[in-house]
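Q: With the input below, show me the fold.
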Amino acid sequence: MPSAVPPPVAVVIDPGDDAIHTHTALAAHHPPSGRITLHPGPGTTSETGLAHDLLAALGKPPLLPGRFPAGRQPAWEAATAWITALPVNRLTVLRAHRLTARRTMRLLRCVPSPVST
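A: Residues are numbered from 1 along each chain as shown. Coordinates of the predicted model:
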């Protein structure tokens, strides 16, 4: 009998950026229901830019006011806090195949591990 619990991470590769998949993912974006669609800004390669895109997808301000000590990434701290605090149960990343390995790993560190009982 198949499990009713979805896997902690599901990966769908769409290197052709099929318009149907993109439109479906964007239409499914509904933060109050826990469905987040992250659409990384085109042409950006910075980790901080990805954190800003994630904050915007979560409906939170992407630019944080204030000054921060060198070496701190407050955008990632804020994104991690919000993705943990909100009832996010699905994160869809458009054009994920375009992310560098470093940015992909940074994003995965932000997503809380599922709790198993």
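
Q: pretty sure Val111 contacts Leu91?
A: Yes - applying Cβ atoms under 8 Å, one finds Val111 in contact with Leu91, separated by 6.4 Å. In short, each C-beta sits where N, CA and C put it, glycine included.

Q: overlap in contacts of those two?
A: Ile83 (Cβ atoms under 8 Å, 6 or more residues apart in numbering).

Q: which of these two has more neighbours?
A: Taking other Cβ atoms under 10 Å, Val111 and Leu91 do not tie; Leu91 has more neighbours (20 against 16).

Q: Next up, the contacts around that one.
A: Taking Cβ under 8 Å, 6+ apart, one finds Ile36, Leu38, Ile83, Val111 in contact with Leu91.

Q: does the first one count as helix, strand or coil?
A: Which is Ile36. strand (DSSP: H, G, I helix; E, B strand; the rest coil).

Q: on that earlier part again, hmm, which of the contacts of Leu91 is lowest in pLDDT?
A: Within those, Val111 has the lowest pLDDT, namely 82.

Q: and the closest residue to Leu64 other than its chain neighbours, how many neighbours?
A: Distances taken as Cβ to Cβ, 6 or more residues apart in numbering place Pro74 nearest to Leu64, at 5.1 Å, with adjacent residues excluded. The tally of other residues near Pro74 (other Cβ under 10 Å) stands at 15.

Q: I figured Pro74 hits Pro62, correct?
A: No - using Cβ under 8 Å, Pro74 is not in contact with Pro62, being 11.2 Å away.

Q: if we can go back for a sec, could I get the contacts of Leu91 as TSV with distance to Thr22?
A: Formatted as TSV, those follow (distance: Cβ to Cβ, whole Å):
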residue	distance to Thr22
Ile36	15
Leu38	12
Ile83	22
Val111	21
